[in-house]
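In: Quick check, what structure comes out for this input:
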Amino acid sequence: MIASLRGTVLSVRENTCIVDVHGVGYAVNVTPSHKLSLRIGNEHTFLTSLIVREDSMTLFGFENPESLELFELLLSVSGVGPRSALAVLAELSPADILTAVVNEDDTAFKKVSGVGPKTAKLIIVQLAGKLTALSHTDAVASAIPASSAITLSVVQALVGLGWNEKTARDAVDSLDTSAPTATTASVLKDALAALARNS
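Out: Have a look, this model is predicted:
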């Protein structure tokens, strides 16, 4: 498994760059925004995911751990291949993806080329509950609505206390996390009370 590459950028094409690592040239697939940060002749570090098929080995490169994690999570969704996953990351930021999943808003994914309505819904359903850890990274936390951040934090706390993700999310969804006075602590307290009543 090739987890990262550090080398000199030899060329930049439409969605691929060639990176020279000690005399070996690696073709790395990147998003358009990532491509804009690359300069021929400069040294660059890529976090990578290697996709192995019967007839190919393809490298996908990312600027930060959040994008790499999202790429690999998207690959776990039925019907989403590496090209579609990269297209999602080209269209939406990690914060956009997190917010769309938390709010169950599949319209964001329908805008992505190659992602149909059925796949957009599957992304929402299959990523629900898997992105809570991502919400605490600095790159994402500041960009998501406060109510969504509270929801994610409380669900994560409940899972840590032993409830499964669906039960935890159902409990939090029954509460008003958008109230001006809502805090993570107050919503967690109310969620625990709701779970106690239903147990």
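
In: Tell me which residues are up against stretch 111-118.
Out: Where contact means C-beta atoms under 8 Å, 6 or more residues apart in numbering, the residues beyond stretch 111-118 that reach it are 79-80, 83-84, 87-88, 90-92, 106, 109-110, 120, 123. No exception for glycine: its C-beta is placed from N, CA and C like everyone else's.

In: what about 10 Å?
Out: 74, 77-81, 83-92, 106-110, 119-120, 122-123 (C-beta atoms under 10 Å, 6 or more residues apart in numbering).

In: In CSV, list the C-alpha atoms belonging to that stretch.
Out: Below are the C-alpha coordinates for stretch 111-118, written out as CSV (Å, rounded to 0.1, in the frame of the first residue of the first chain):
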residue,chain,number,x,y,z
LYS,A,111,-24.9,18.3,-8.7
VAL,A,112,-21.8,16.1,-9.0
SER,A,113,-21.2,14.7,-12.5
GLY,A,114,-21.7,10.9,-12.6
VAL,A,115,-23.8,10.8,-9.4
GLY,A,116,-27.4,10.0,-9.9
PRO,A,117,-30.4,10.5,-7.5
LYS,A,118,-30.2,6.9,-6.2
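
In: in that stretch, what counts as buried?
Out: Residues of stretch 111-118 classed as buried by neighbour count (16 or more other C-beta atoms under 10 Å): 112, 115.

In: next one: phi and psi at the residue nearest the centre of the chain?
Out: For the chain, the residue sitting closest to the mean C-alpha position, by C-alpha atoms, centre = their mean, is Leu70 at 2.8 Å. Here the main-chain torsion angles of Leu70 (degrees, to the nearest 10) amount to phi -70, psi -40.
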